[in-house]
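structure, please.
(one chain, ligands or ions: 1)
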Amino acid sequence: MNDTTTTIAQLRDMMRDFVVQREWQRYHTPRNLAVSAAVEAGELLELFQWDDAAPAAAGNLERVQLHRQRVGEELADVLMYLMSLANSLNLDIAAAVQAKMQKNIEKYPADKVRGFYERPVPS
Ligand SMILES: [Mg+2]
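Reported below is the predicted structural model:
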């Protein structure tokens with residue numbers, strides 16, 4: 001599997017099958033899944049906690065590869081919980097991303113914010 005050939009539906013089905021095969025649906029409530037996604041996001045953040053001691057800065061290829069693997073694992077944890085959340089709420093992820101991206105495009109017009117970020121003044 002890779003990003004080029006795998007659909008969101010396939011990943012959602014894989015997550016759904018994992019949950020159903022273990023009869024864990026009763027644990028996968030929207031609240032539990034939202035909390036779990038945030039917990040996993042914290043684990044992802046922890047990997048970047050001490051930026052000045054990041055493996056890349058140390059120039060140790062083995063440590064860099066291990067760090068990259070761990071980042072991938074935590075990123076997967078976050079995404080899997082979010083997909084399970086979408087499954088539990090029957091939310092279409094692609095439609096939600098598209099709608100939110102459209103809001104962001106309107107909130108941050110490229111010709112007005114190119115090269116810098118500034119929080120928009122509420123209107
Ligand atoms: Mg984790």
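
which pLDDT does the model give the most centrally placed residue in the chain?
Most central in the chain under CA atoms, centre = their mean is residue 79, positioned 4.5 Å from the mean C-alpha point. Note on residue 79: pLDDT of 98.

then residue 100?
So, for residue 100, pLDDT stands at 98.

other SSEs contacting the one helix or strand it maps to?
Residue 100 belongs to helix 93-107 when assigned by DSSP states H and E. For helix 93-107, the elements it packs on are helix 8-21, helix 61-89, judged by 3 or more CB pairs under 8 Å, 6 or more residues apart in numbering; DSSP states H and E. Every C-beta, even on glycine, is put in place using the N, C-alpha and C of the backbone.

contacts for that helix?
Helix 93-107 is contacted from outside by 8, 12, 82-83, 86, 120, using CB atoms under 8 Å, 6 or more residues apart in numbering.

so where's this protein shaky on pLDDT?
The chain contains residues with pLDDT under 70 at 52-58, 120-121, 123.

try it again at 80.
Within the chain, the ranges that satisfy pLDDT under 80 run 51-59, 117-123.

near the ion, which residues of it show up?
Contacts of the chain with the ion, taken as CB under 5 Å from the ion, map to 40, 43, 74, 77.

residue contacts, the nearest residue to the second one once chain neighbours are set aside?
Spatially, and ignoring its direct neighbours in sequence, residue 43 is nearest to residue 74 (4.9 Å; CB to CB, 6 or more residues apart in numbering). Contact analysis of residue 74 by CB under 8 Å, 6+ apart lists 40, 43-44, 47.
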